[in-house]
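Engineer: Sequence below, structure please.
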Amino acid sequence: MYSCFSASVLATAGLYPSSSSSSSVQHPTAETRNGTYYGIHQSKWHQDYFFGIPYAQPPVDELRFRPPHSLNTSWTGERNATEMGPMCYGYGPTQMANGEHVSEDCLTLNVVRASNVSSPKGLLPVVVYIHGGLFKHGAGSDPRYNMTSLLQVGVHNGQEFVGVTLNYRLSYWGFLSGEEVAREGATNLGLRDQRLALQWVQENIAAFGGDPTKITIWGQEAGAFSVGLQLLAYGGRDDGLFRAAIAQSGSPMLMWPSASATDWQPLYEAFLNATNCTDAVSGSTLDCLRRVPAATLSDVFSSDLTTFNRPNPVVDGDFLPKLGSSALEAGDFVKVPLLLGTTQDEGTWSYYGVEGINTTAEFRAMVEYDGLSTTAASKIAQLYPDDPAQGIPSTLDGRPGNETGLGWQWKRSSAYNGDKIMQAGRRMASQAWAKHGVDVYTYVYDVLFHAKWWQYGAQEQDDIAFLFHNVTLSESLSPTDQADQKKTFEPLSYLMTSMWISFISTLDPNHNSINGTKTWPKYSLAEPEALVFDVNATELCRVEPDTYRSAAISHWMELFQTSEYPR
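Structural biologist: Reported below is the predicted structural model:
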């Protein structure tokens, strides 16, 4: 191991911007292929914002449950791009209860750039961010993905870029599956939305100062799995839509196990029953669903029917010809540089972790509930022994107390769930890229962001604030935490942000203009290493061999290519 650099190196950087406020002085414009938009000039931060730009025809009425259609209108004059578009329908009533503007007509994107700043060579690199949310929540307008501070770091480092965030169809609006859905080519609609958005960016980003030949796609959680599946789309066909990719808590494979679209037929039929579309009089059952009022369909998609089902991309023989694990093994992916990683304790996150596991019998029952056979569960129990020292999180010494309700074998079950969902996929992708001679940089985020949550460790999503350089804005940080951790959190955020921007700009995270940094090594089969981001008294990151729980993770990589746990 060796240190990355001292926290004191960044203490004098003097660039810790806060969130932006609205202050328009003039209207910047951009002339796209369809017409001209005017946006907002933010004088305080010297940035321009273009919000709510449609990249597809509204997927409503006859276009509901169909692949997205390109825009088919043009105009003269200038159209307003000063307000965020509505969020796409997701799971549950949460969005509506929070007063969010939700609509089927939601396929829009947002473009942000620094004002009056241009590359000496002309157009700037571009990053397209795909939000997470388990394929059922979220939007490009989420304030956590505000690129104001990120853009400022880029300007400060001399690596300016143009940023894009986007919406895509969520829940069963975007990931409905079944036999008829597959026959109509209407699978993986959310991924197809993303693809069309990338095509729009390719065709129009130069109007905003971006270079269409220098696009990086970046996502977190479901957004990271989306990035991975865009790398596998159509058998790994390179359509020239991006030159690099960043996957943060996700990998090029299915988020949840599923072999094909027809696996979802029982749920599809349940939806038909709930909407009186089982015996459609005219047209197909999908045609019937297209006529159901949006509010009614939203209630059905958020009902008890979906309690034990998760919206998920599927292998459809079209957009996704094969399992991600099989595609990685065969090398059927777009050969572009990749930066990917996870948090250290992914398995403790509420959507992945399973609380209340106290005995080995309960542990095995949990494994079998995941769909694994009794034989496979026995093997898993051997690979994940009841030894807290081998489990996660490391911030929890020994076992949790009974008062926590987490379970006597919390660290065992958390290691199992984290490896199953995240760590095995990350390692498998890293090995695949290295095997095919494509640059790949791997990291692990190991920071206790919430001091009082030591029993959960470095959870998923904790790194988002660091990578958007907004750590002091997090609502989840108490005033005490902010005061105690500001000295290390802000420098670490600046380091991580600078490395990501360096990768976006140069395809290498090491060109980050920070004195004292050590090299982030490329991942190799001969010497697999990951950069571990951490905060302690003397260092902010270190390089470690990527070999932890080697036997268990290798076993998962084998299971992913079988009917036991197909991913």
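
Engineer: pretty sure residue 212 is in a helix, no?
Structural biologist: No. Applying DSSP: H, G, I helix; E, B strand; the rest coil, one finds residue 212 to be strand, outside a helix.

Engineer: low-confidence ranges in the stretch 51-200 of the chain?
Structural biologist: Counting by pLDDT under 70, the stretch 51-200 of the chain contains low-confidence ranges at 93-100, 117-121.

Engineer: 80 instead?
Structural biologist: 92-100, 116-121 (pLDDT under 80).

Engineer: ok, now the stretch 401-550 of the chain?
Structural biologist: 403, 449-453, 470-487, 513, 515-518, 536-539.

Engineer: just the stretch 251-400 of the chain next, same as before
Structural biologist: Confidence mapping of the stretch 251-400 of the chain against pLDDT under 80 gives the ranges 258-259, 280-283, 307-308, 350-351.

Engineer: All the helices of it, residue numbers only.
Structural biologist: Shown for the stretch 251-400 of the chain, the helices assigned by DSSP state H, counting those that start in this stretch span residues 265-274, 285-291, 294-301, 324-330, 360-369, 374-383.

Engineer: quick one: contacts of the second one?
Structural biologist: For helix 285-291, contacts defined as C-beta atoms under 8 Å, 6 or more residues apart in numbering pick out 61-62, 64-65, 180-181, 184, 186, 271-272, 275-278, 280, 297. For every residue, glycine as well, the C-beta is placed using N, CA and C.

Engineer: Check these for burial and list the buried ones.
Structural biologist: Among those, those that count as buried by neighbour count (16 or more other C-beta atoms under 10 Å) are 64, 65, 180, 181, 186, 271, 272, 275, 277, 297.

Engineer: can you pull out the helices in the stretch 101-250 of the chain?
Structural biologist: 148-156, 171-174, 179-183, 189-204, 222-236.

Engineer: And the contacts of the shortest one?
Structural biologist: Identification of contacts with helix 171-174 by C-beta under 8 Å, 6+ apart yields 59, 64-65, 88-91, 104, 135-136, 168, 189-190, 193, 271, 297, 301-302, 306, 311.

Engineer: Recalculate using a threshold of 6 Å.
Structural biologist: 89, 90, 91, 136, 189, 190, 301, 311 (C-beta atoms under 6 Å, 6 or more residues apart in numbering).

Engineer: and the lengthiest helix in the chain, how far from the chain's centre?
Structural biologist: If you go by DSSP state H, the chain has its longest helix at helix 479-506. Chain-centre distance of helix 479-506: 19 Å, with C-alpha atoms, centre = their mean, to the nearest Å.

Engineer: circling back to that earlier point, tell me the one of the contacts of helix 285-291 nearest residue 413?
Structural biologist: residue 271 (32.5 Å; C-beta to C-beta).

Engineer: quick one: that closest one and residue 62, what's the gap?
Structural biologist: 19 Å (C-beta to C-beta, to the nearest Å).

Engineer: Give me the neighbour count for the closest residue to residue 116 other than its chain neighbours.
Structural biologist: Excluding the flanking residues, the one nearest residue 116 by C-beta to C-beta, 6 or more residues apart in numbering is residue 46, at 6.9 Å. Residues near residue 46, counting by other C-beta atoms under 10 Å, number 14.

Engineer: what does the model give residue 46 for pLDDT?
Structural biologist: In this model, residue 46 is scored at 94, pLDDT.

Engineer: Begin at 124, not 1, for the rest of this chat.
Structural biologist: In the new numbering, first residue 124, that becomes residue 169.

Engineer: next one: phi and psi at it?
Structural biologist: phi 60, psi 50 (degrees, to the nearest 10).

Engineer: residues contacting residue 310?
Structural biologist: By C-beta under 6 Å, 6+ apart, the contact list for residue 310 reads 300, 304, 384, 437, 439.

Engineer: for residue 348, what are its contacts?
Structural biologist: 373, 378.

Engineer: now swap in the one 4 residues further on and tell me
Structural biologist: Contact criterion C-beta under 6 Å, 6+ apart gives 314, 436 as the residues in contact with residue 352.

Engineer: Pop out the phi and psi values for residue 572.
Structural biologist: According to degrees, to the nearest 10, residue 572 has phi -70, psi -40.

Engineer: What about it, how many residues nearby?
Structural biologist: By other C-beta under 10 Å, 25 other residues sit near residue 572.

Engineer: now do the one 4 residues further on
Structural biologist: Taking other C-beta under 10 Å as the criterion, the count of residues near residue 576 is 16.

Engineer: and the closest residue to it other than its chain neighbours, helix, strand or coil?
Structural biologist: Closest residue to residue 576 apart from its sequence neighbours, by C-beta to C-beta, 6+ apart: residue 582 at 7.5 Å. The local conformation at residue 582, judged by three-state DSSP, is coil.

Engineer: Closest one of the contacts of helix 294-297 to residue 521?
Structural biologist: Residue 521 has its nearest neighbour among the contacts of helix 294-297 in residue 259, at 35.9 Å by C-beta to C-beta.

Engineer: which residues sit in contact with that closest one?
Structural biologist: Contacts of residue 259 were listed using C-beta under 6 Å, 6+ apart, and they are 213, 214, 293, 294, 434.

Engineer: mind checking how far the third one is from residue 435?
Structural biologist: The spacing between residue 293 and residue 435, counted by C-beta to C-beta, is 12 Å.

Engineer: who has more neighbours, the two?
Structural biologist: Set residue 293 next to residue 435 and count neighbours by other C-beta under 10 Å: residue 293 wins out with 29 against 20.
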